[in-house]
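# Got a predicted model here, sequence first, then my questions.
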Amino acid sequence: MKNPYAPGFWCAVVALVLLSATYFYGVMLAHQIDKALIFLDSATALIAVMSISMVAWASYQAQQVKKRQLSQSKTLVLVWDTKVALRRVETVFDRYFWGSYWQPGRTFQEVMGELTGTPLEKSLEALKSQCLKLDREVAHDERHWLSNARELSDVATAMARERYQLDVCDPRNDSPNGVVINRDFEVLVYTWTARLKTFDHQLDEMEVQYS
């Protein structure tokens, strides 16, 4: 990375050299060679000090830039890991409620509308753990990402309980076409989808920010 202050520094050095040379030449013309040599030594020392200071400052700035780049890379990796955990939650959620997980032979907790010990609960806990790491990296005392994960977990728990109520009541025999329409469950499905998209969108924005 080029130093934006380098041109100004070199212009100042050139100006100092020209002024020193002009003054040195004037003193020589006045036949005061001793004074001219003393001035030349002083000017040389000043230029050397300025050069050393510039090199030290440029080195410090380079270290700061490298440190920021490493921090951004670490944050970006955490964002990617969080996106992977979120995709895992989304996949397991679909299987749990609409696919192979919601089948006979479930555990007692699942039958009673609980997520304890289920693959969905494990994936949600993994997401919470990853979000906590991301919060510590970017938000410090705040828990923005962990709150997002907890909101998803709350919706999933509510859906499991609502699904349990549907299994217990099962009003399909009373409906003309045998189709169950449960407004509360539909609202929970919509809420889950909306929060999942919002979560994913926020992660995309952070990925762009730290790329």
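The structure has been received and is ready for your questions.
# Specify the residue ranges that define each domain of the protein.
Per the record, the chain has its domains at 6-65, 69-210, by automatic domain parsing.
# Where among the ones you listed is average confidence lowest?
The minimum mean pLDDT among the domains of the chain belongs to domain 6-65 (a mean of 65).
# for this protein, what spans make up the helices?
Assigned by DSSP state H, the helices in the chain fall at 6-29, 33-98, 108-111, 119-138, 144-169, 183-210.
# which residues does Leu152 contact?
Applying CB atoms under 8 Å, 6 or more residues apart in numbering to Leu152 gives the contacts Val89, Leu124, Leu127, Trp192, Arg195, Leu196, Phe199. Every residue, glycine included, has its C-beta placed from N, CA and C.
# 6 Å instead?
Arg195 (CB atoms under 6 Å, 6 or more residues apart in numbering).
# Distance of it relative to Val138?
Distance, Leu152 to Val138, using CB to CB, to the nearest Å: 19 Å.
# same check, this time on Glu114
Distance from Glu114 to Val138, counting by CB to CB: 33 Å.
# what does Cys131 give?
11 Å.
# Could you check which of those two has the larger neighbour count?
Using other CB atoms under 10 Å, the more surrounded residue of Cys131 and Val138 is Cys131, with 25 against 17.
# Which residue is the nearest non-sequential neighbour of that one?
Trp145 (3.8 Å; CB to CB, 6 or more residues apart in numbering).
# quick one, what contacts that neighbour?
Per CB under 6 Å, 6+ apart, neighbours of Trp145: Cys131, Leu134, Asp135.
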